[in-house]
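**Q** using only what follows, build the 3D model:
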Amino acid sequence: MGSTFKNSCLVGLGAVAGVALSMQFSALAYKPVEESMPIAELRQLAEVVGVIKSTYVEPVEDKTLLSEAISGMVASLDPHSAYLDPRAYRELREGTEGRFVGLGIEILESDDGYVEIVSPIEDSPAYHAGIKEGDLITQIDDVSIQGMPIDEAIKRMRGEPGTKVTLTIARKDAPAPLRFTITRSEIIQKSVKARMVEPGYAWLRIAQFQEPTVDDMAAKLQALYRENPDMKGLVLDLRNDPGGLLQGAIGVAAAFLPKDAEIVSTNGQLADSKQRFYGRPEFYMLRSGADPLASLPAAFKTLPMVVLVNTGSASASEIVAGALQDYKRATILGSQTFGKGSVQTIRPIGRDAAVKLTTARYYTPAGRSIQARGILPDFPVDETAEGDGLNALRMREADLERHLSNDREQEVATRDEDIEEQMRLLAEARLRKPLDYGSADDFQLAQALRHLKGEKVQLSKRAGTTTLAQQDR
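**A** As a prediction, the model looks like this:
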């Protein structure tokens, strides 16, 4: 019953935290398999297409039928494999580049079926129009979105640059619905933030691993060090980081590990999927030019570190946390991560479509499999002093149907609270304002700073919380 509750109440979280990929855009050769194709089954598929076209209540185009057939075939493999039609393929490429055309808002599905604004992206069209955190979108272009799948709502808000979309907004302190007509434009997402949160202690947040991430991180660290050469410690914040490009994860880990250290390895069916990735420029540089890590001060290789993670930390962020943990370079603090330890390779199909296919599993430098197990914290710490809030209710990879198994270690399942306890946690979390990472109210950050100073940390109140020390590596 508890699992059903998670599915129904938390479906919208994916729009904010998501479960992105540690992706590899690949043009690797693969053998044609015409000689081994199941001819009888293909004839049966053709017959089904024929029956639909000749007897269905309305005409259906061949292109639509075959596209849906391909989509269903790939999606049946595991939760992360998918057929990408031209629109989905374009949006995926835009996301990895840190650019997309839209309004500039982070959203989640509210419990009454509408779309809630988590926050407008700074300097975006929505930000300038006056959209606020906590607003509820009730209509898009005068079409009610109550009960509409959140992916469909996102598609309606995206579009071509320069075009307009009208949002009807319900705001708590407004006596009547508000209408905003907003012009879509290209949104450039910043995946890296950094600042000194206390004298001597830096906070580096990576929200997602994109093409510019390594360059942006290096630039921000250099700027911090120039102003604070006597830095005492660094907190690397990967909470709710859904992943992204593998090269970004390698570069971030390499910034803090010994030269040429192994960051991650992969293993799959094909020879090309059996690889080891090291902290060298050829493994993390996506652009030509100077190595962005070459000019980083040597102090970052030894500066005391804490890595913050939670259940929303997935894929590429788990690679970074796992590598830093294996080398005992950093202390991991927070909650067990999502457990998305599989490689998705993007293989173009024709000119403008692609197949996103799971091709391998990821392993930490010590050989631990991330898949369906995640990274276990050295210090389990709740989201707030009172408890773990919505984080305690989030789904993990092991909760997903048809998830790829962990081939080396026992999967660590999410503890399933009884339904009354889940309802209580959800009600309490809904009353709190969204956590502002890096703020004075950030409880986990405060505990990370206490650890760096050698002070006692307030550990999780949840019974049965698992730490790495309690598991066999």
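**Q** for S265, grab the count of nearby residues.
**A** Applying the criterion other Cβ atoms under 10 Å, we find 17 residues in the vicinity of S265. (Glycine included, C-beta is placed from N, CA and C.)
**Q** next: D216.
**A** By other Cβ under 10 Å, 20 other residues sit near D216.
**Q** can you tell me the SS state at T181?
**A** Applying DSSP: H, G, I helix; E, B strand; the rest coil to T181 yields a three-state assignment of strand.
**Q** how far away is it from A354?
**A** Distance from T181 to A354, counting by Cβ to Cβ, to the nearest Å: 34 Å.
**Q** with P292 instead?
**A** The spacing between P292 and A354, counted by Cβ to Cβ, is 28 Å.
**Q** excluding chain neighbours, what is closest to S313?
**A** The shortest distance from S313 to any residue that is not its chain neighbour, by Cβ to Cβ, 6 or more residues apart in numbering, is 4.4 Å, and that residue is T337.
**Q** output the contacting helices and strands for the helix or strand hosting Q447.
**A** Secondary structure here is read from DSSP states H and E; on that basis Q447 sits in helix 443-452. With contacts defined as 3 or more Cβ pairs under 8 Å, 6 or more residues apart in numbering; DSSP states H and E, helix 443-452 has these neighbours: strand 192-198, strand 201-206, strand 233-237, strand 305-309, strand 331-334.
**Q** got the CA coordinates for that helix in PDB?
**A** Output of helix 443-452 as PDB, limited to C-alpha atoms (Å, rounded to 0.1, in the frame of the first residue of the first chain):
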ATOM      1  CA  PHE A 443      19.900  22.200   8.000                       C
ATOM      2  CA  GLN A 444      22.000  19.700   6.200                       C
ATOM      3  CA  LEU A 445      24.400  22.300   5.100                       C
ATOM      4  CA  ALA A 446      24.700  23.400   8.700                       C
ATOM      5  CA  GLN A 447      25.500  19.800   9.700                       C
ATOM      6  CA  ALA A 448      28.100  19.500   6.900                       C
ATOM      7  CA  LEU A 449      29.800  22.700   8.300                       C
ATOM      8  CA  ARG A 450      29.700  21.200  11.800                       C
ATOM      9  CA  HIS A 451      31.500  18.100  10.500                       C
ATOM     10  CA  LEU A 452      34.200  20.100   8.800                       C
END
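**Q** which outside residues touch that helix?
**A** The list of residues contacting helix 443-452 from outside it, by Cβ atoms under 8 Å, 6 or more residues apart in numbering, reads 197-198, 201, 203, 232-233, 235, 237, 239, 304, 306, 308, 310, 331, 333-334, 379, 381-385, 437-438, 456-458.
**Q** okay, now the domains of this protein?
**A** What the record gives for the chain is the domain set 102-188, 192-470, from automatic domain parsing.
**Q** quick one, what contacts the residue nearest to S313?
**A** When contacts are counted by Cβ under 8 Å, 6+ apart, T337 touches 309-311, 313-314, 317-318, 321, 374-375.
**Q** any idea which of the residues you listed is closest to A88?
**A** A314 (19.4 Å; Cβ to Cβ).
**Q** can you tell me the closest non-neighbouring residue to that closest one?
**A** F338 (3.7 Å).
**Q** what's the pLDDT at the one you found?
**A** Note on F338: pLDDT of 92.
**Q** where does it fall, secondary structure wise?
**A** Take DSSP H and E as the rule and F338 turns out to sit in neither a helix nor a strand.
**Q** and it, how many residues sit next to it?
**A** Once other Cβ under 10 Å is used to define contacts, F338 is seen to have 31 neighbours.
**Q** show the backbone phi and psi for it.
**A** Phi and psi for F338, reported as degrees, to the nearest 10, are phi -60, psi -40.
**Q** R396 is in contact with that one, correct?
**A** Yes - at 5.3 Å, F338 and R396 qualify as touching, with contact defined as Cβ atoms under 8 Å.
**Q** shared neighbours of those two, which are they?
**A** Each of 311, 374 lies in contact with both F338 and R396 under the rule Cβ under 8 Å, 6+ apart.
**Q** coming back round to it: figure out which of the domains of the chain is closest to P38.
**A** Across those, P38 has its closest neighbour in domain 192-470 (18.5 Å, Cβ to Cβ).
**Q** now that closest one: how far from the chain's centre is it?
**A** From the chain centre to the centre of domain 192-470 is a distance of 10 Å (Cα atoms, centre = their mean, to the nearest Å).
**Q** likewise for stretch 97-115?
**A** Per Cα atoms, centre = their mean, the centroid offset for stretch 97-115 relative to its chain is 14 Å.
**Q** list the buried residues in that stretch.
**A** The neighbour-count check on stretch 97-115 (16 or more other Cβ atoms under 10 Å) flags 98, 100-110, 114-115 as buried.
**Q** quick check: end-to-end length of it?
**A** Distances were taken as Cα to Cα, to the nearest Å; on that basis the terminal residues of stretch 97-115 are 26 Å apart.
**Q** beta-bridge partners for L136, please?
**A** Beta-bridge pairing of L136, defined through DSSP bridges, involves E116, A170.
**Q** burial count for it?
**A** As a burial measure, the neighbour count of L136 was computed by other Cβ under 10 Å and equals 18.
**Q** would you confirm that it contacts I107?
**A** No - the pair L136 and I107 does not pass the contact test of Cβ under 8 Å, sitting 10.1 Å apart.
**Q** got any residues that touch both of the two?
**A** Shared contacts of L136 and I107, counting by Cβ under 8 Å, 6+ apart, come down to 115-117.
**Q** picking up where we left off before, and the helices and strands packed on helix 443-452, which is most packed in?
**A** For these, the stretch with the most neighbours on average is strand 305-309, a mean of 26; neighbours defined as mean count of other Cβ atoms under 10 Å.
**Q** could you pick out the longest strand of the protein?
**A** Of all the elements of type strand in the chain, the one with the most residues (DSSP state E) is strand 353-363.
**Q** where does pLDDT dip in this structure?
**A** In the predicted model, the chain carries pLDDT under 70 at residues 1-36, 95-96, 98, 111, 412-434, 463-473.
**Q** mind listing the helices for it?
**A** 2-9, 39-55, 62-75, 86-97, 125-129, 150-157, 213-227, 246-254, 281-284, 316-326, 419-431, 443-452 (DSSP state H).
**Q** what's near enough to touch the nearest residue to P348 once chain neighbours are set aside?
**A** Leaving aside its chain neighbours, P348 sits nearest to A354 (4.9 Å; criterion: Cβ to Cβ, 6+ apart). Under the criterion of Cβ under 8 Å, 6+ apart, the neighbours of A354 are 84, 89, 92, 346-348.
**Q** recalculate using a threshold of 10 Å.
**A** Counting by Cβ atoms under 10 Å, 6 or more residues apart in numbering, A354 makes contact with 25, 82-86, 88-89, 92-93, 345-348.
**Q** got these as JSON lines, with neighbour count columns?
**A** Conversion of the contacts of A354 to JSON lines gives the following (neighbours: other Cβ atoms under 10 Å):
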{"residue": "F25", "neighbour count": "16"}
{"residue": "A82", "neighbour count": "20"}
{"residue": "Y83", "neighbour count": "21"}
{"residue": "L84", "neighbour count": "22"}
{"residue": "D85", "neighbour count": "16"}
{"residue": "P86", "neighbour count": "12"}
{"residue": "A88", "neighbour count": "17"}
{"residue": "Y89", "neighbour count": "19"}
{"residue": "L92", "neighbour count": "19"}
{"residue": "R93", "neighbour count": "15"}
{"residue": "T345", "neighbour count": "24"}
{"residue": "I346", "neighbour count": "20"}
{"residue": "R347", "neighbour count": "15"}
{"residue": "P348", "neighbour count": "14"}
